[in-house]
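In: turn this into a model:
(4 chains, ligands or ions: 6)
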Amino acid sequence: MTTEQFVQLWQCFGTVVRAHQEHLDDLDRAIGDGDHGTNLTRGLGKMQDLWKDPIDTERNLADLSKKVGMTLLSTVGGASGALWGSALVKAAPVLPSASACDDETLVLWIETFVSNIEERGKAQVGDKTMVDVMRPAVNWLKASTQEGSARLPVLRELARQWSEDTKDLQARRGRASYLGARSIGHVDPGSFSSALWWACVDRVLGG
Amino acid sequence: MTTEQFVQLWQCFGTVVRAHQEHLDDLDRAIGDGDHGTNLTRGLGKMQDLWKDPIDTERNLADLSKKVGMTLLSTVGGASGALWGSALVKAAPVLPSASACDDETLVLWIETFVSNIEERGKAQVGDKTMVDVMRPAVNWLKASTQEGSARLPVLRELARQWSEDTKDLQARRGRASYLGARSIGHVDPGSFSSALWWACVDRVLGG
Amino acid sequence: MKKLIDNVEDVVNDALEGFVWAFPEYLHRVPGTHVLVRKRPKADGKVGIVSGGGSGHEPAHGGYVGYGMLDAAVSGEIFTSPTPDQILEGMRAAHHGQGVLLVIKNYTGDVLNFEIAQDLASDEGIETARVIVNDDVAVEDSLYTTGRRGIAGTVFVHKIAGAIAESGASLPAVQNGAQMVIDNVRSMGFALAPCTVPQAGKPTFTLAETEMEMGIGIHGEPGTHRQDVKPAHELAEFLLEQIAQDLKLEGGSHVACLINGMGATPLIELAILAKNVGTWLTAKQIAHDVVWMGEYMTSLEMAGASLTLLRLNEELRKWLHAPCDTPALRQGVGYDY
Amino acid sequence: MKKLIDNVEDVVNDALEGFVWAFPEYLHRVPGTHVLVRKRPKADGKVGIVSGGGSGHEPAHGGYVGYGMLDAAVSGEIFTSPTPDQILEGMRAAHHGQGVLLVIKNYTGDVLNFEIAQDLASDEGIETARVIVNDDVAVEDSLYTTGRRGIAGTVFVHKIAGAIAESGASLPAVQNGAQMVIDNVRSMGFALAPCTVPQAGKPTFTLAETEMEMGIGIHGEPGTHRQDVKPAHELAEFLLEQIAQDLKLEGGSHVACLINGMGATPLIELAILAKNVGTWLTAKQIAHDVVWMGEYMTSLEMAGASLTLLRLNEELRKWLHAPCDTPALRQGVGYDY
Ligand SMILES: Nc1ncnc2c1ncn2[C@@H]1O[C@H](COP(=O)(O)OP(=O)(O)O)[C@@H](O)[C@H]1O
Ligand SMILES: Nc1ncnc2c1ncn2[C@@H]1O[C@H](COP(=O)(O)OP(=O)(O)O)[C@@H](O)[C@H]1O
Ligand SMILES: [Mg+2]
Ligand SMILES: [Mg+2]
Ligand SMILES: [Mg+2]
Ligand SMILES: [Mg+2]
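Out: Ligands and ions are numbered 1, 2, ... in the order given. As a prediction, the model looks like this:
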C-alpha cells in the first residue's frame, strides 16, 4: 500500500458512506439513535476537506494513519468515532514512516486496529457490532493463500454477507443492546459501514 | 311568570345549551378560545344539579334570580359567566319576593339585566357580542303590542336571525376583537347562546 | 388527543394537587378552592399581590407564588378566567392588612371577574387596587375595542410588583410600580403547532406542515395571520421590530428580555431564538440586562414562542434584580466562592 | 419537520451561543469549542466536575454549570457523544489543582470518548476519576451487555457531587459521593410522541394516535414495548413499581423524586403525573423529601416523561439540600420574611 492508495482508501470510504448515509441512519434508527451515517459522513467529510488541496508532502504511512485516526476521533463522535479513531491512532506505529508498505504490514496494520476496536469496545464476534465484520475479515485475510489483489473482491462480498448475518443476532454491545430481543431482525449499522470499508479496500487495492 | 316557569326556563336553557355545546365551542374556537359551550354547560349543569331534588320551597322569584346569578357567577367563568351572573344578581330586586309576577315585571327584569350586561361589558349593539341579540330583543318586546305568549315564537326567530347577523360584523368587544378584521365571517358564540335563551323563553312562556 | 392526564374533567384539580405536592415548601392550597397561596405568608403590614387567570399557562400563575412575587394565584378552568368567589378567596388569603393588588391580564373575562371580586372584597373591607397587563403588540391598542391582550410580560409585573411589595411599600406605590412595568413592556408570539383543550379534545386551529400562525395569544386563539414557517432569525427580527417600534426603542435603550416557550418547544430551540435576539439587540445597540429564557407563560402543549422586552430604568432594574424564591423563578442565591 | 432553528447544521452551535447570551452571569464558552464553563470559576483547591453528552437534552448539561453543580459541560452533536478533544478542553477548564471528576452516562459512545479523554488528561498531569450513571431500569442490567442506560438520574449526581466538591472534599470523596447517588438512583420513562433529529428530518419512530412507547431512552431510541396510551395514574404506578422493585424500596424508605418532562410535555401534565406519584408513595408509606418537577433531561421535542427516585440517607439528603446556583437549578435563596 502506498500513501496515495491510503488516501484513496479513506476518500473512497467517505464517498461511499455519504452515498449510504441515509441507509446507515435508517439502520441505526431501528435499533439505535439514527446517527451512524451522519456521524461517519461528518468525520470522513472533514478528512476529505483536509485533503482537498493536492495531497500534502506527508509521504508517511504511519503519520497518515495517526492523522486519519485523530481526525475521526475529533469529528465523528459517538461509539463509532471513538472506536475507529483511537484504533487508527494506536495502529499507526505498525506502519512504516515511509511512502509504502508491503502486504504483510498492511494486514498487520488492519489486525492491530481491529484488535484495538475489540479491546476498547469489549466486543466479540456475535455481539452484533462492527466486530462481526472486522474480525472475520482480518482472520480470513490472514488465513487466505490467494494473491492480495485477487482475494479482495471475494472478501468484499463476504463482508457484506457477514454484515447481513448480524440481522439474526441479539445485540450485546452498543446502543442496540438496550433493546434486548427487540434488536433481532435488524442489520447492525456499524457492521454495514464496515462492509463498505472493505468494499473500498477492494476498490483501491484489489485486482 | 311563576317560579315553576322560572326554573323551567333555566332548565330548558341548560338542556338546549348542552345539546349545542359542541357547536358553541366550535363558534368560539373560530374567533375566541373555544370554551363558550363548555363554560355555559358547566354552569347551567351545576344549576340543574341544585334543582335535581323536587324544587325547593323557595317560592320567591327575586331570590331565584339571585341564586341563578350567583351560581352562574361561580361556575361559568370567562366573560359570559361574569356577564350573565352579575346581571342576574343585579336584576333580582326587580322581581317580587313572591311566586309569580306579571308580564310587565318580567320585561322589566329582562331589560334590567340586559342593561347590566351592557354596562359591565361596555358593549353596544354592533360590537359582535351577546348584546347584539339581547338588546334588540328587549327593545322589540317593549315595543311589541302583541299578546305576551303569541309574540314569543316570533321573537325567537328574530333572535336567531340577529345572532346570524353578527357574522358580518367585526368584533369590538371580547376575545374576538383581538382578531380584528379576521373576526368577520363568523357568528358570535355569545349571540348564539343568547338566541337559545330566547328560544327557551318561548318554549316556557310562549303560546 | 394524547395527554398525560387521568380525566379531562379533573385536569385543573389534579394539576393543582400535583403542584402543591411537588412544592410543599412554597405552596398551600386554600381548601376547597383553586387558590394557591404562600406556604409561609408574607409578614403583616405588607401589600398582598394576587394574580390569576385560566389554567393551561403553567408555571403561570401558581409557579410565581412565593417570596418576592405573588401571595396568591387563582386558577380558572383551562383557558377560562376564574370566577369572582375564587378570586375573593385569593384576596382574603393575600391580605395582610395593607391591601391587595390584583394583576389582571387584559381579557374581558378576566377583567370582569376580577372586577366583580374587587367589589366583593371592598364590601369586606379589603382595600384593593388593580393593574391590567396588555403587552401583546400583535393586537391593536384602541380605546374603541378591548385593547391589547396580556401575555408573557405579566411575569415581569409579578416580579417587580412583588419586589416592591416585599420592601414594605404602600398599595399605591406597589400599584404604580406594576403600572410602570406595564407601560414599558411589550410582547408578541407565534405558534408552530396548536394546542388542544382537554375537554374539547380537538386542536384550537390546524396548521399545515409548512405553516405557522403569527401573533397568537396564550389561549390557542388564532393570531394575526398565517404564513410559511420562517427561520428563527427572521422570526426574531419580525417580533422584535413590532415590539421595538411600539416601545419606541432606540440605540442606547436598556431592556430586559423574556424568551418564552409556549409549552412544546424545547429549550434548545428557545436558545437558538435567544441567540438571534442577542444578535438583533447588538445590531440595534440596545443594551440588555436580565434575560429570562424558558417556559414562563405557556399555552398547554402549543409549539411556539413569544418574545417580551421590558424597557428598563434604574428603578425597574433594581426591583428586577431583587431576590425571589418561588417554584418557577428563583434568584439571589447567596454563597461564597 | 417544524423547528425553531436557522440551519440544521448550526443547531448545536447556535444553541450554545444562545445559552451563553441568555446566562452570561453563569456561563462562558471556551472559544472554538462546545464547552461551557462557569463564568466565575471555582476556587483553587477544589475538585472540578465535568459532565456532557450529546446535545438535545437541554437544560442538560450546560444548564447545570454553576455554583454547587458542574464546572464544565461538553456538548456533542445532537444525540452524539462529544469527542475526546472537546472533553479534554472541558477537563482543562474544570481543573483547579485537585483533579476532575467525569460524570458519564452509560452509553458506549459516551463511555469510550470520555475514557479516551481521560487518558489524554492523565498525559497532561490532570488527576481524573469517573463515575458512570446507569439509572434506567427499562434496560436489563447485565455484566454481559452494555448494562443500563444513564438518563435523568444524572441530574441528582450533578447536584450531589457538585455540593460535595464545593465543600472542598478530595477527588475520591467526590467520586464516592457520586457513586453513592448512582447506587441509589433509578429512573424510567415513556414517550407519547417521538422526536426528530434536525439533521435527519424524520421522527426516530412513529406512533399511532392511540399508542405510546414504554421504557424509552433520551435519544429517541425505541423503548421496551409499545402499548395503548394509559391514564396518568397507571403510568405512574407502572414506572414506580419498576423503580421501587429495583431499588428494593419498602415502607419507611426515604426518597427524592424527579418528575421530568421529555421536551414537549407541558408542566400541567407533569403536575398531574406528580400528583399520582404522591398518591402512590403515600400508599406505600415511602417518605419523600425533595421533589423536582420540570424539564431536567429532555429528548428534543419528544412528548413524554420520566420518573426518577433517589433513595436518601442522611448524607445524600444533606448534599441534596445544599444551595446551588445554575441556569437550570437554583436553590437556597436567603431572605428575611
Ligand atoms: N462496544 C462496541 N464495540 C464495537 N463496536 C461497537 C460497540 N458499540 C457500538 N459499536 C458499533 O458502533 C455502531 C454505532 O455507531 P454510532 O451510531 O456512530 O454511535 P452511537 O451508538 O454512539 O450513536 C454500532 O452499530 C456498532 O457497530
Ligand atoms: N364586553 C362584552 N360585552 C358583552 N358580551 C361580551 C363581552 N365580551 C364577550 N362577550 C360575549 O361573551 C362571549 C364569550 O364567552 P366565553 O367564551 O364563555 O368567555 P371567554 O371569552 O372569556 O372565553 C362572546 O361570544 C360574547 O358574546
Ligand atoms: Mg448511533
Ligand atoms: Mg371563550
Ligand atoms: Mg375562555
Ligand atoms: Mg449517537
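
In: so who does the residue of the stretch 201-337 of chain C found nearest ligand 4 touch?
Out: The shortest separation between the stretch 201-337 of chain C and ligand 4 is 7.9 Å, found at residue C:219 (distances taken as Cβ to the ion). Where C-beta positions appear, they are placed from N, C-alpha and C, glycine not excepted. For residue C:219, the residues meeting the contact criterion (Cβ atoms under 8 Å, 6 or more residues apart in numbering or on different chains) are B:33, B:175, C:54, C:56, C:79, C:107, C:204, C:299.

In: which one of those is nearest to residue B:169?
Out: When the contacts of residue C:219 are compared for distance to residue B:169 (Cβ to Cβ), residue B:175 comes out closest, at 14.5 Å.

In: distance of the closest one from ligand 6?
Out: For residue B:175, the distance to ligand 6 under the criterion Cβ to the ion, to the nearest Å works out to 46 Å.

In: do you have the helices of chain A handy? List them.
Out: If DSSP state H is used as the criterion, the helices of chain A fall at A:3-19, A:21-31, A:36-50, A:61-75, A:78-91, A:103-121, A:131-143, A:148-165, A:189-205.

In: just give me the least confident of the contacts of residue C:219.
Out: Checked by pLDDT, the contacts of residue C:219 have residue C:204 as the lowest-scoring entry (84).

In: residues contacting the closest residue to it other than its chain neighbours?
Out: With sequence-adjacent residues excluded and distances taken as Cβ to Cβ, 6 or more residues apart in numbering or on different chains, residue C:204 is closest to residue C:220, at 3.2 Å. The neighbourhood of residue C:220, defined by Cβ under 8 Å, 6+ apart, consists of B:33-34, C:79, C:194-197, C:203-205, C:299-300, C:302.

In: so which bits of chain A are right by chain D?
Out: Within chain A, the positions adjacent to chain D are A:25, A:29-35, A:38-39, A:42, A:73-83, A:85-86, A:120-121, A:171-175, A:177-180, A:182 by Cβ under 8 Å from any Cβ of the partner chain.

In: where does pLDDT dip in chain C?
Out: Under the criterion of pLDDT under 70, the regions of chain C flagged as low confidence span C:143, C:337.

In: could you list the domains of it?
Out: Taking automatic domain parsing as the domain assignment, the record places the domains of chain C at C:11-183, C:185-312.

In: tell me how many other residues crowd residue 161.
Out: Using chain A. Neighbours of residue A:161 under the rule other Cβ atoms under 10 Å in any protein chain shown: 12.

In: let's do chain C instead
Out: Residues within reach of residue C:161, counting by other Cβ under 10 Å, total 30.

In: any idea how far it is from residue C:178?
Out: Residue C:161 sits at a distance of 4 Å from residue C:178 (criterion: Cβ to Cβ, to the nearest Å).

In: and for residue C:110?
Out: Spatial separation of residue C:110 from residue C:178 under the definition Cβ to Cβ is 15 Å.

In: so residue C:25 makes contact with residue C:66?
Out: No: with contact taken as Cβ atoms under 8 Å, residue C:25 and residue C:66 are classed as non-touching, separated by 9.0 Å.

In: which of those two has more neighbours?
Out: In this view residue C:25 and residue C:66 are compared by other Cβ under 10 Å, and residue C:66 has more residues nearby, 26 against 12.

In: in chain A, which residue sits closest to chain D?
Out: Per Cβ to the nearest Cβ, the residue of chain A with the smallest distance to chain D is residue A:82, at 3.5 Å.

In: I'd say that residue and residue A:117 touch.
Out: No: no contact is recorded between residue A:82 and residue A:117 when judged using Cβ under 8 Å, the distance being 9.6 Å.

In: the more surrounded of those two?
Out: The residue with more neighbours, out of residue A:82 and residue A:117, is residue A:82; 29 against 26, by other Cβ under 10 Å.

In: in which helix or strand does residue C:219 reside?
Out: In this assignment (DSSP states H and E), residue C:219 forms part of neither any helix nor any strand.

In: re the thing from before, can you list phi and psi of the residue nearest to residue C:204 for me?
Out: Note on residue C:220: its backbone torsions stand at phi 70, psi 10 [degrees, to the nearest 10].

In: quick one: it and chain A, what's the gap?
Out: In this structure, residue C:220 and chain A are 32 Å apart, going by Cβ to the nearest Cβ, to the nearest Å.

In: what's the spacing between that residue and residue B:28?
Out: When distance is defined by Cβ to Cβ, residue C:220 is 11 Å away from residue B:28.

In: what's the overlap in contacts for these two?
Out: Listed contacts common to residue C:220 and residue B:28 are residue B:34; contacts here mean Cβ under 8 Å, 6+ apart.

In: check contacts around residue C:321.
Out: By Cβ under 8 Å, 6+ apart, the contact set of residue C:321 is C:290, C:331.

In: next: residue C:191.
Out: Contacts of residue C:191 by Cβ under 8 Å, 6+ apart are C:207, C:212-213, C:216, C:223, C:262, C:299, C:302-304.

In: show only the entries of those found in strands.
Out: Judged by DSSP state E, strands contain the following of these: C:212-213, C:303-304.

In: most neighbours among those, which one?
Out: Across the ones in strands among the contacts of residue C:191, neighbour numbers were computed from other Cβ under 10 Å; residue C:304 holds the maximum, 28 neighbours.

In: in what helix or strand does the residue nearest to residue C:82 when sequence neighbours are not counted lie?
Out: Computed as Cβ to Cβ, 6+ apart, the closest residue to residue C:82 that is not its neighbour in sequence is residue C:76, at 3.8 Å. According to DSSP H and E, residue C:76 maps onto strand C:72-78.

In: before we move on, back to that, just put the domains of chain C in a markdown table and tack on distance to residue C:319.
Out: Rendered in a markdown table, the data for the domains of chain C read as follows (distance: least, Cβ to Cβ, whole Å):
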| stretch | distance to residue C:319 |
| --- | --- |
| domain C:11-183 | 4 |
| domain C:185-312 | 10 |
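
In: closest one to residue A:62 among those?
Out: domain C:185-312 (41.3 Å).

In: so what's the residue of chain A closest to chain D up against?
Out: When contacts are taken as Cβ under 8 Å, 6+ apart, residue A:82 is in contact with A:73, A:120, D:81, D:84, D:109, D:112-113, D:115-116.

In: what's the most distant pair in those residues?
Out: The widest separation within the contacts of residue A:82 (Cβ to Cβ) is 13.7 Å, between A:120 and D:81.

In: of those two, which one has the most company?
Out: Neighbour tally, residue A:120 and residue D:81, criterion other Cβ under 10 Å: the higher count belongs to residue D:81, 31 against 20.

In: distance check, the residue nearest to residue C:82 against ligand 6.
Out: With distances taken as Cβ to the ion, residue C:76 is found 44 Å from ligand 6.

In: in this structure that residue contacts residue B:79, no?
Out: No: using Cβ under 8 Å, residue C:76 and residue B:79 do not qualify as a contacting pair, with a distance of 11.6 Å.

In: who has more neighbours out of the two?
Out: Taking neighbours as other Cβ under 10 Å, residue C:76 and residue B:79 compare with residue B:79 leading, 30 against 26.

In: so what's the more buried one up against?
Out: Listed by Cβ under 8 Å, 6+ apart, the contact partners of residue B:79 are B:121, B:174-175, B:190, C:81, C:107-109, C:112.

In: and which of these is nearest ligand 5?
Out: Nearest to ligand 5 among these: residue C:109, at 5.5 Å, using Cβ to the ion.

In: so how many other residues sit close to residue C:250?
Out: In terms of burial, residue C:250 registers 10 neighbours under the definition other Cβ under 10 Å.

In: quick one: contacts for it?
Out: Residue C:250 sits in contact with C:284, C:286, where contact means Cβ under 8 Å, 6+ apart.

In: which SSE is residue C:268 in?
Out: Counting by DSSP H and E, the element that carries residue C:268 is helix C:267-283.
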